[in-house]
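A.B. asks: Here is my input, please return the structure:
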Amino acid sequence: MIDEIDKHLLNDFQRGFPLCSRPYLEVANRLGIDENEVIGRLSRLKDSGHVSRIGAIVKPGSIGASTLAALQVDEDKIEQVASYINARDDVNHNYLREHDYNMWFVLNTSSKAALDRAVQEIEEATGLQVLVLRMLKDFHLDLGFDLKWHS
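C.D. replies: Sure thing, here's the model as predicted:
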């Protein structure tokens, strides 16, 4: 069950998350709750699938290595492959598209060598060839969404 505080956690901190030694305490102070409650709520929201990750998004190429990647996944394997991809710490986001390459995701790693290893691991784990789509032109996408809550 999502309550008003959960709604604020999901909506209000997509941008401008506090950059300090105790960010969850700062969030707690803004919401008028305890730091441990913030951590517990975010953990519950993550476990329930309402939050996929908590972390910074940095400009591609500014640190580490990243790429957009795609897989051709048979319909009957989508959930299995998506679960594997979504569980990886180096995947920023993953989504389905209506295309022969129907599963698209962003890989972020510490180096080009780590990126190559991640692609190889995914290929070995899924038995599918990863289509690596290197960035030719940088676009800024705002990944924050104003969540409209209905009572």
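
A.B. asks: For beta bridges, what are the partners of the nearest residue to Leu133 once chain neighbours are set aside?
C.D. replies: Excluding its sequence neighbours, the residue lying closest to Leu133 (CB to CB, 6 or more residues apart in numbering) is Leu68, at 4.3 Å. The C-beta positions use only the backbone N, C-alpha and C, and glycine is treated the same way. Note on Leu68: beta-bridge partners by DSSP bridges are Val106, Leu133.

A.B. asks: Tell me who's in contact with Leu68.
C.D. replies: Listed by CB atoms under 8 Å, 6 or more residues apart in numbering, the contact set of Leu68 reads Trp104, Phe105, Val106, Leu133, Met135.

A.B. asks: now those: which count as buried?
C.D. replies: Among these, those scoring as buried are Trp104, Phe105, Val106 (criterion: 16 or more other CB atoms under 10 Å).

A.B. asks: and the first one, what is it in contact with?
C.D. replies: By CB under 8 Å, 6+ apart, the contact list for Trp104 reads Leu68, Ala69, Ala70, Asn94, Tyr95, Leu96, Arg97.

A.B. asks: a helix runs through it, doesn't it?
C.D. replies: No - counting by DSSP: H, G, I helix; E, B strand; the rest coil, one finds Trp104 to be strand, located in no helix.

A.B. asks: any idea where the strands of this protein begin and end?
C.D. replies: Using DSSP state E, the strands found in the chain span residues 65-71, 91-96, 103-109, 131-133.

A.B. asks: Return the distance of the longest helix seen in the chain from the chain's centre.
C.D. replies: The longest helix of the chain (DSSP state H) is helix 112-126. Mean-position distance between helix 112-126 and its chain equals 18 Å (CA atoms, centre = their mean, to the nearest Å).
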